[in-house]
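Novice: here is the input, now give the coordinates:
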Amino acid sequence: MGFFDEFASRNFSLYAQWLGLISLICNNPIFAIIGWVFAFVLVFVEIPLCTKFCPTSPKFDNFVAKFENSYLRGAMYLIMAIVMFLSTLINETALIAPAVTLLLTFISYAIAGLKQQPHASSKMLGGTGVDNVV
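Specialist: So this is what the prediction gives:
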C-alpha cells in the first residue's frame with residue numbers, strides 16, 4: 001500500500017500522524033526550546049522505526065507505548081497545542097504554525113477515537129499501514 005492509498009483510507013489516525021510530523025517541522029528552534037522537547041517526544045511516538053533502531057530505556061519505551069490509544073495521543077497533542085498557543089500570547093513569534101498543526105492533529109486523533117478507528121501508522125515511517133487495521 002502506497003502513500004496515496006494510505007490517505008485514501010480515511011483513517012484519521014494516519015492523518016493525525018502526518019499532521020504531527022508537520023508540526024514537528026514547523027517548530028522554530030530559536031524561539032521554541034519547549035517545541036524541541038515536544039519534537040523529540042513526537043519523533044518516538046509517531047515514527048515506530050525510531051523505537052526499533054535507537055537505544056532507549058524500558059521506562060521510555062513504556063512511556064511511548066502508552067500513546068497507542070487515539071484518545072491519549074489526542075490529549076497529548078491538545079496539551080502541546082495549548083502550550084504553543086500560550087507561548088504566542090507571551091511572545092509574538094512564529095509558533096502559531098506548530099500550534100495550529102498540533103491542534104489539527106488533536107482533532108484528527110479525536111475523530112479517529114470517536115469513529116473507533118484502531119491506531120495505524122504509515123508504512124513509510126516503519127509502521128504497519130492500514131493493511132493490518134480491521
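
Novice: please report phi then psi for Pro55.
Specialist: phi -70, psi 120 (degrees, to the nearest 10).

Novice: correction: the previous question concerned Cys50.
Specialist: phi -70, psi -40.

Novice: that one: neighbouring residues, count only.
Specialist: When neighbours are defined as other CB atoms under 10 Å, Cys50 has 15 of them. C-beta here means a position set from N, CA and C on the backbone, and glycine is covered the same way.

Novice: now it: how far from Leu114?
Specialist: For Cys50, the distance to Leu114 (CB to CB, to the nearest Å) stands at 28 Å.

Novice: and if you look at Leu78?
Specialist: 14 Å.

Novice: these two - which one has more neighbours?
Specialist: The residue with more neighbours, out of Leu78 and Leu114, is Leu78; 17 against 12, by other CB under 10 Å.

Novice: can you name the residues that contact the more buried one?
Specialist: Going by CB atoms under 8 Å, 6 or more residues apart in numbering, Leu78 touches 102-103, 106.

Novice: most neighbours among those residues, please name it.
Specialist: That'd be Leu102 among the contacts of Leu78, by other CB under 10 Å, with 31 neighbours.

Novice: thought that residue was touching Ile79?
Specialist: No: contact between Leu102 and Ile79 fails when scored by CB atoms under 8 Å: they sit 9.0 Å apart.

Novice: pLDDT on the longest helix along the chain, on average?
Specialist: With residue count as the measure and DSSP state H as the assignment, the chain has helix 70-90 as its longest helix. On average, the pLDDT along helix 70-90 is 83.

Novice: go ahead and produce CSV holding the CA coordinates of that helix.
Specialist: The C-alpha trace of helix 70-90 is given here as CSV (Å, rounded to 0.1, in the frame of the first residue of the first chain):
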residue,chain,number,x,y,z
SER,A,70,-6.1,7.7,19.9
TYR,A,71,-7.6,9.5,22.9
LEU,A,72,-4.3,9.6,24.7
ARG,A,73,-2.5,10.8,21.6
GLY,A,74,-5.1,13.4,21.1
ALA,A,75,-4.8,14.6,24.7
MET,A,76,-1.0,14.8,24.3
TYR,A,77,-1.4,16.9,21.2
LEU,A,78,-4.0,19.2,22.7
ILE,A,79,-1.8,19.9,25.7
MET,A,80,1.1,20.7,23.3
ALA,A,81,-1.1,22.9,21.2
ILE,A,82,-2.3,24.8,24.3
VAL,A,83,1.3,25.4,25.4
MET,A,84,2.2,26.7,21.9
PHE,A,85,-0.8,29.0,21.8
LEU,A,86,0.1,30.3,25.2
SER,A,87,3.6,30.9,24.1
THR,A,88,2.4,33.1,21.3
LEU,A,89,0.5,35.2,23.8
ILE,A,90,3.6,35.8,25.9
